[in-house]
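> Okay, sequence plus prediction incoming.
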Amino acid sequence: MRLLLGKCVDQSRLTFDENDFMIRRTFAPETRGMKLDILAIAAHPDDVEISAGGTIIRAVNEGKKVGIVDLTKGEMGSRGNGELRLQEAEHASKILGIEVRENLHLADCFFTHNEESLRAIIAAVRKYQPDIVLTNAPSDRHPDHGRASKLIRDACFYSGLRRIETNQEQWRPKAVYMFNQDYYNAPDFVVDVTDVWEQKIQALKAYKSQFFNPTSPEPATPISGSEFFDFLKSRCMDFGRPAGFLMAEGFLVDRTPGVRSLFDLI
Ligand SMILES: [Zn+2]
């Protein structure tokens, strides 16, 4: 599997790993990228893997094109650092099987709902023209998650307004779904991730600085204990239970989803 992150314009912005795997470290200046079926946009590297990693792996297995845009490097996190988290995100991306991953380099903890942030996200949405956007929970333990969720949902709407000029075609995703992360938010629908659970956990473990490592000298966090994976499994079992799945990821919606046939729901 090869992850080719956009057309090469500025060689100084690119690095290559041992497999000649081209990695773009900054938001690509191109205004048009590969059209994606799903774009997950979230505050920190690892948010998507924790909350929607299984859903993404399922979509990739179905032949869908999926990408991730992280707003920040998570540089204010208690463990690891921004550069390390970029490397870990690259590793996780390979395990997920996604097409592209970019980082907008907004300021962890201090990004705000302003024109600059909105325009950066609008440019990413227009660049990849996703049909579906996945994003952070509307309210969560980390304040960045709720703030990012509002920012990203607003940007998805504004991206469809032609008078907001970015030298790109206007584009509004057909659906925006918010995932569950730390706090429990009763889901509006769930996605069965039973068959891809182990692959999701492998993608999470790519973030070695964030999750359980008994030799790490860094301070403990709510996700660094060995029990975190037990918590995640029990959360996903709880989500799956009413729908008849062993494990599922849960999502929330702003706009009521509709089906043309009742049989699409069974
Ligand atoms: Zn986060």
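That came through, no problem.
> Just the element for Gln87, please.
Here Gln87 is covered by helix 82-96, with elements defined by DSSP states H and E.
> Any idea how many residues pack against Leu118?
Residues within reach of Leu118, counting by other Cβ atoms under 10 Å, total 17. Where C-beta positions appear, they are placed from N, C-alpha and C, glycine not excepted.
> which SSE is the nearest residue to it once chain neighbours are set aside in?
Of all residues not flanking Leu118 in the chain, Ala155 sits nearest, at 5.0 Å (Cβ to Cβ, 6 or more residues apart in numbering). Per DSSP H and E, Ala155 falls inside helix 143-158.
> That helix vs the ion: in contact?
No. Interface with the ion: helix 143-158 contributes nothing (Cβ under 5 Å from the ion), its closest point being 5.6 Å away.
> by contact count, what packs against that helix?
In terms of contacts (3 or more Cβ pairs under 8 Å, 6 or more residues apart in numbering; DSSP states H and E), helix 143-158 is packed against strand 38-42, helix 115-128, strand 132-135, strand 175-179.
> What are the contacting residues of the last one?
Residues from elsewhere that reach strand 175-179, judged by Cβ atoms under 8 Å, 6 or more residues apart in numbering: 48, 51-52, 55, 131-138, 149, 152-153, 156, 185, 249-255, 257.
> Drop anything exposed from the residues you listed.
Using 16 or more other Cβ atoms under 10 Å as the burial test, these include 48, 51-52, 55, 132-137, 149, 152-153, 156, 185, 249-252 as buried.
> how near is the closest residue to Val100 other than its chain neighbours to Glu198?
Distances taken as Cβ to Cβ, 6+ apart put Gly67 closest to Val100, at 4.1 Å, once the chain neighbours are dropped. Gly67 is 23 Å from Glu198, where distance means Cβ to Cβ, to the nearest Å.
> same check, this time on Leu71
The gap separating Leu71 from Glu198 is 28 Å, by Cβ to Cβ.
> which one of the two has more residues nearby?
Comparing Leu71 with Glu198 by other Cβ under 10 Å, the one with more neighbours is Leu71, at 29 against 10.
> All good on my end, thank you.
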